[in-house]
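Novice: Sequence and predicted structure below; questions after.
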Amino acid sequence: MTEVVRCTWGTMTPLYTAYHDEEWGRPVRGDDRVFERVSLEAFQSGLSWLTILRKRENFRRAFDGFEIPKVAAYTERDVERLMADEGIVRNRAKIEAAVTNAKAAQRLEEGLSALVWKYHDPDSPVPKSMADVPAITPASRALAKELKRHGFAFVGPTTAYALMQAIGLVNDHIAECVTRTGS
């Protein structure tokens, strides 16, 4: 029997394995769906992604399914409600960034998904190991700069690259990974 090879992080917990195999690196389109990923990547900053995965359904409930118009309409009262919600990461700067980002996303003529997908790199290098996977690239710097230019917050180049990986703008599954090879 052949051993299934995955990116090393995708073997750490069953939740990581499911996320790795079913979601990470697969194309995500649609303004609300991309907004959710932008928001969750910002909440992850400085924390383990596992923390966010464990709380993801709570985030979805607390943030009205990440529907941009609903989150953009949040007031200080909503921020306080979210600060009291033990099911999410209660960081005021990150919560306020989600509201700011929803407002910025609403102002985008082309939409958030279209803006982000301009940075798609189908020819990104195939990593042989996780050591070959960068944390920042010129494209993630450019995406972060573009998002900030449009008024987004908490979207530095590292967060932008994590977003790019998560929603399929780049494919950073290692060369032998079952998800990349389809074996």
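Specialist: Noted; the coordinates are in hand.
Novice: So for stretch 174-183, mean pLDDT?
Specialist: Summarised as a single mean, pLDDT over stretch 174-183 is 83.
Novice: and what of stretch 59-77?
Specialist: Per-residue pLDDT values across stretch 59-77 average out to 98.
Novice: what does it contact?
Specialist: Contacts with stretch 59-77, where a contact means Cβ atoms under 8 Å, 6 or more residues apart in numbering, come from 31-33, 35-36, 39-40, 43, 52, 81-82, 85, 87-88, 98-99, 102-103, 105-106, 112. In this view, the C-beta of every residue, glycine as well, is placed from N, C-alpha and C.
Novice: Okay, buried residues for it please.
Specialist: Judged by neighbour count (16 or more other Cβ atoms under 10 Å), stretch 59-77 contains these buried residues: Phe59, Ala62, Phe63, Asp64, Phe66, Ile68, Val71, Ala72, Tyr74.
Novice: still on that earlier bit, can you turn the buried part of the contacts of stretch 59-77 into a ChimeraX selection?
Specialist: Those of the contacts of stretch 59-77 that count as buried under 16+ other Cβ under 10 Å are selected in ChimeraX with:
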select :31,32,35,36,39,40,43,52,82,85,88,98,99,102,103,105,106,112
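Novice: Any idea how many residues pack against Ile174?
Specialist: Neighbour count of Ile174, defined by other Cβ atoms under 10 Å: 21.
Novice: That one: what's it in contact with?
Specialist: Residues touching Ile174, when contacts are defined by Cβ under 8 Å, 6+ apart, comprise Val5, Cys7, Val126, Pro127, Lys128, Ser129, Met130, Asp132, Val133, Arg180.
Novice: And the second one, how far from Phe63?
Specialist: Yep, that's Cys7 we're talking about. Cys7 sits at a distance of 28 Å from Phe63 (criterion: Cβ to Cβ, to the nearest Å).
Novice: buried sites along stretch 16-26?
Specialist: Along stretch 16-26, the positions that meet the burial threshold by neighbour count (16+ other Cβ under 10 Å) are Tyr16, Tyr19, His20, Trp24, Gly25.
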